[in-house]
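>>> Here is a sequence together with a model predicted from it:
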Amino acid sequence: MQNIYLAPSDLWILRKAWRLKLYMDNYRVLVNSKKLDQSYILNISSRREVYDGTVYDKDGKLIKPLEGFVIYLPHLHPVKNDGSMPYRLEALQDIAGTAHYNQLGYIVTYWKYDEYNNSWILDPEYFFVMLE
């Protein structure tokens, strides 16, 4: 995986890093990142009552193609993983469904500071998706 550097003025890069690509048949949603070479399929069947009749038919088939979105402006928190390492930044990005209020989960990434490049670099060891 190619290193991704993030200077404080470069938060916009997170906008293009993740995309809630599309809703799929059988109450599934594809979240992917070409930039990070990662994809996840979320199971949203526990929310059938929200989607039946508007997004899915009674058989769980999509009524029409539909995309959601990942909110690119992250919640940033400094974290310290162990006493010998410097602080990292934890970035939480909301995965929204059909609207902001329809939150499906979070993408959690960690960034470490690279003194040589004077910027933050994505730490691929610490990366995951949390579901609501």
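Done, it's in.

>>> Show me what the residue nearest the centre of the chain bridges to in the sheet.
Centroid-nearest residue in the chain: Ile107, 3.4 Å away (criterion: CA atoms, centre = their mean). Beta bridges link Ile107 to Gln93, Val129 when assigned by DSSP bridges.

>>> residues contacting it?
By CB atoms under 8 Å, 6 or more residues apart in numbering, Ile107 lies in contact with Trp18, Val31, Val70, Leu92, Gln93, Ile95, Val129. In short, each C-beta sits where N, CA and C put it, glycine included.

>>> same check, this time on Leu89
Applying CB under 8 Å, 6+ apart, the residues near Leu89 are Leu76, His77, Pro78, Val79, Tyr110, Trp111, Lys112, Trp120.

>>> how much space between it and Tyr101?
Per CB to CB, to the nearest Å, Leu89 is found 27 Å from Tyr101.

>>> for Gly60, same thing?
For Gly60, the distance to Tyr101 (CB to CB) stands at 23 Å.

>>> Can you tell me the closest non-neighbouring residue to Ile44?
Once flanking residues are discounted, Ile44 sits nearest to Tyr27: 4.9 Å by CB to CB, 6 or more residues apart in numbering.

>>> where does this structure have its least confident helix or strand?
Here the helix or strand of the chain ranked lowest by mean pLDDT, DSSP states H and E is strand 5-6, holding a mean of 50.
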